[in-house]
Each structure stands twice: as structure tokens, then as C-alpha cells.
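Asker: Any chance you can model this:
(one chain, ligands or ions: 1)
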Amino acid sequence: MPKTIAVLRGSPRADSLTKKLARGIELAVGDRLTFKDIEIHDLPLYNPDLEKDAAHPAWDAFRAAVKGCDGLLFVSPEWNRSVPGGLKNAIDIGSRPYGQGVFQKKPAAVVTQSTGGTGGFGCNHHLRQSMVHLDAIVLGQPEMYVGNLSADKFGEDGRVSDSGLKKLIDGFADTFVAWVDKQG
Ligand code: FNR
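Answerer: As a prediction, this is how the structure comes out:
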């Protein structure tokens, strides 16, 4: 049975390029892994005070959803040279209670994108920093900074159609699948 990957997307936009890219990666991976899209943009803002009695039910549902997966894939735009707030909020929720974080020991990969040339470099490294701190096992290479992204790089079937991007995504998909498999 294929392993399940929690996909955490950094953009709340309906017509998001991040969503298209995540889908393009999923199609490149095919049936080698099962992608589970985790919705994060309706999660209440994290506040440790609210953990004292009972954690907010939406936080617990999110934690359980991530915990039930075998690995993590972050796909995100960069906002102001860092991680979009909604995704950072989800990471903060998943990191607590202290010592019981849901990301620990899970294989994780980070893909960032931008319509500009820098490919979300700042966001990519802030995500890596948080995930290393939270004891996820972060894939080092290939580094995935997808620059100059546009909707016309995808076909109507959702697959990446641009030849340069397709090569990048296919290579990443093969490495990610093999690497998740290797983590046992
Ligand atoms: C951006 N964008 C952006 N791009 C970038 O390369 N570096 C940046 O620091 C920022 N900052 C930023 C802040 C805010 C608040 C917004 C709304 C946007 C542009 C944005 O990341 C880019 O267009 C993405 O390709 C959009 O991705 P989605 O939303 O289509 O998935």
C-alpha cells in the first residue's frame, strides 16, 4: 500500500498557482504515494492559553490528520520573504503541546514557487528551519525553488506541460518517492 503524504499548501487563493503546482507534483508521483490535502486556512489562530482546558477542536483535527500521514510535503508561495501566515499558524498548531509535535520524525520536503525569479527562496529556508527544529527529516536535495511560475505551464489535465518545469518536477517526484520509501 502506498504511503500517505500530508500536503500543506501556503496559499489560500482559489485559483492558486501553489495548488496547481501541488497537483502537478501529485500527478508526477502517480500511484507511488497517496497525497492527502490538509486544509489549513480556516484554522483559528494559535494561542497557547487555549490549550489549558481543551484544545480547540479544529486544532486537534488538524493534528490528527497530519499525525495519520507518513510524510509531509510543503508547497508554498513566499509572502514578504517568508512563510505565509496561514501556513505558519498551522506549523505552530502542529508543534504543540511541547514534545508532542506532529511533524517529528516524518520525512518532509519543501517546494516553493513565485511568479518572480527568486522562487520563494526566503520562504523555503524559513520552512526548512522550522521543520529541522521540529525534528522532521527534511529532504536536502533537490532544492525546489520554482521561479517564474505561470498558469500556462500546466495542461488542462493538471499535468506540468512546460518542458523545463516538467523535468524539474519529474526529477523531484522520483527522488521524493525513493527517499520517503527509504525512511521506513
Ligand atoms: C507576495 N508575493 C511575493 N513573491 C515573492 O517572490 N516574494 C515575496 O516576498 C512576495 N511577497 C508577497 C506578499 C503577499 C502578501 C502576497 C499576496 C504576495 C507574490 C506571490 O507569492 C506570488 O505571486 C505567488 O506565485 C502566488 O502564489 P499563489 O497564491 O498563486 O499560490
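
Asker: Just list what the longest helix along the chain packs against, helices and strands only.
Answerer: In the chain, ranked by residue count with DSSP state H as the criterion, the top helix is helix 163-182. Packing partners of helix 163-182 (3 or more Cβ pairs under 8 Å, 6 or more residues apart in numbering; DSSP states H and E): strand 3-9, helix 17-29, strand 33-38, strand 107-113, strand 144-146. From N, CA and C alone the C-beta is placed, and that goes for glycine too.

Asker: Which of the three states applies to residue 14?
Answerer: coil (DSSP: H, G, I helix; E, B strand; the rest coil).

Asker: Please report how far it lies from the ligand.
Answerer: Separation of residue 14 from the ligand (Cβ to the nearest ligand atom, to the nearest Å): 9 Å.

Asker: In terms of helices and strands, where is the residue lying farthest from the centre of the chain?
Answerer: Going by Cα atoms, centre = their mean, the residue of the chain most distant from its centre is residue 53, 30.0 Å out. Using DSSP states H and E, residue 53 is not contained in any helix or strand.

Asker: Also the one 10 residues further on?
Answerer: Per DSSP H and E: residue 63 is located in helix 57-67.

Asker: now that helix and strand 3-9, what's the angle there?
Answerer: Angle of helix 57-67 versus strand 3-9, following axes from the mean of the first three to the mean of the last three Cα atoms, to 10 degrees, is 130 degrees.

Asker: could you dump helix 57-67 to CSV, C-alpha only?
Answerer: Extracted in CSV, the C-alpha atoms of helix 57-67 (Å, rounded to 0.1, in the frame of the first residue of the first chain):
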residue,chain,number,x,y,z
PRO,A,57,-11.4,21.0,18.2
ALA,A,58,-10.1,22.3,14.8
TRP,A,59,-6.5,22.2,16.1
ASP,A,60,-6.9,18.6,17.3
ALA,A,61,-8.5,17.6,13.9
PHE,A,62,-5.6,19.2,12.1
ARG,A,63,-3.0,17.5,14.4
ALA,A,64,-4.7,14.1,13.9
ALA,A,65,-4.8,14.5,10.2
VAL,A,66,-1.1,15.2,10.0
LYS,A,67,-0.2,12.5,12.5
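
Asker: Could you list every helix and strand that it packs against?
Answerer: strand 3-9, strand 33-38, helix 85-94.
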